[in-house]
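**Student:** Give me a model of this one.
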Amino acid sequence: MADYSQKLLRIPVFVEDGNFVLASDRHPLPRFDEGAFCEILIDSNYIRDQSRLSGSENEKEIPFLPKGTRLLAQVNGKLVPAELRRFLNDAPSEIENCALVAFTLLGDLNLRIRARSEATLMDVMCSSPFLEGREDPPVAKSVNHSYTLISTHFEPHRKSHSGNVFNKVFYWSELAGNWLPLRNLREEIRRGQRLVGEEKTRQGKLF
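**Tutor:** Numbering: from 1, shown residues only. Predicted structure coming up:
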């Protein structure tokens, strides 16, 4: 469950004679393992020829999770209204100190990737048993909408019902063998370490 970003090492560098050197001592960078993934943050004014980078501005959509995938949204279980507690799932060992509400993708979920900003989820209809009789129609328009509805009903004490679904919503990873936040899947795709279709939906003990 460790956030991938916590494992990243930030290395301040300068450019001298067109090459990166460590900012601390102006010596060359250490050697990195083959296939290591990294990003460069740089003021565009320092890039002489931006023609090769222009294509990186194009947006693209790629498959993220398939239709029928069940997801778990994290809520604070201490103040959930009594009539909704039957919709809570016990947290598996991989997700600690929270209550969970399940919902299902009614279509394929795609990820929109953009070069200079975070990837975002495309809209897809979602369903959950608790929506019956509470929303008309009893579906959500997207994963973000699903989380907002879940928070609205299960956490009525909150002043705001928005949240980062990449941190608050979990999927079952067959590769890892446990539940992971959506941010992990997003990072795997960004690093090119996951082939589309590798993940399978788990229909298991929680449902």
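**Student:** List of residues touching the helix or strand bottoming out on mean pLDDT in the chain?
**Tutor:** Each helix and strand of the chain was given a mean pLDDT (mean pLDDT, DSSP states H and E); the minimum falls on strand 117-121 at a mean of 83. The contact list for strand 117-121 (Cβ atoms under 8 Å, 6 or more residues apart in numbering) reads 64, 109-114, 142-144, 165, 182, 186, 189-190. (Glycine included, C-beta is placed from N, CA and C.)
**Student:** same deal with stretch 123-131?
**Tutor:** In this structure, residues lying in contact with stretch 123-131 by Cβ under 8 Å, 6+ apart are 71, 84, 87, 101-110, 138-143, 145-146, 149-150, 153-154.
**Student:** Please state the offset of it from the chain centre?
**Tutor:** Centroid separation for stretch 123-131 versus its chain: 18 Å, with Cα atoms, centre = their mean, to the nearest Å.
**Student:** Same check on stretch 74-91?
**Tutor:** 23 Å.
**Student:** swap in stretch 129-142?
**Tutor:** The chain centroid and the centroid of stretch 129-142 are separated by 23 Å under Cα atoms, centre = their mean.
**Student:** pull the CA atoms of it into PDB?
**Tutor:** Coordinates of each C-alpha in stretch 129-142 appear next as PDB, following Å, rounded to 0.1, in the frame of the first residue of the first chain:
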ATOM      1  CA  PRO A 129     -26.800  -1.600  -4.500                       C
ATOM      2  CA  PHE A 130     -27.100   1.400  -2.200                       C
ATOM      3  CA  LEU A 131     -28.200   3.700  -5.000                       C
ATOM      4  CA  GLU A 132     -31.500   1.900  -5.400                       C
ATOM      5  CA  GLY A 133     -34.200   4.200  -4.100                       C
ATOM      6  CA  ARG A 134     -31.700   6.900  -3.300                       C
ATOM      7  CA  GLU A 135     -30.800   8.200  -6.800                       C
ATOM      8  CA  ASP A 136     -33.000   8.400  -9.900                       C
ATOM      9  CA  PRO A 137     -31.700   6.700 -12.000                       C
ATOM     10  CA  PRO A 138     -29.700   4.500  -9.600                       C
ATOM     11  CA  VAL A 139     -26.400   4.900 -11.400                       C
ATOM     12  CA  ALA A 140     -23.400   7.300 -11.300                       C
ATOM     13  CA  LYS A 141     -22.000   9.000 -14.400                       C
ATOM     14  CA  SER A 142     -18.300   8.300 -13.600                       C
END
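**Student:** For that stretch, list every residue counted as buried.
**Tutor:** Across stretch 129-142, burial judged by 16 or more other Cβ atoms under 10 Å covers 130-131, 139-140, 142.
**Student:** Ok, stretch 148-167 next?
**Tutor:** Buried, per 16+ other Cβ under 10 Å, within stretch 148-167: 148-151, 153-155, 163, 165-166.
**Student:** Pull the most distant pair out of those.
**Tutor:** His153 and Phe166 (21.4 Å; Cβ to Cβ).
**Student:** what stretches of this structure score poorly on pLDDT?
**Tutor:** Within the chain, the segments meeting pLDDT under 70 span 1-7, 50-58, 91, 93-97, 115-116, 193-207.
**Student:** how does it look with 80?
**Tutor:** 1-8, 34-39, 43-59, 90-98, 114-118, 159, 162, 190-207 (pLDDT under 80).
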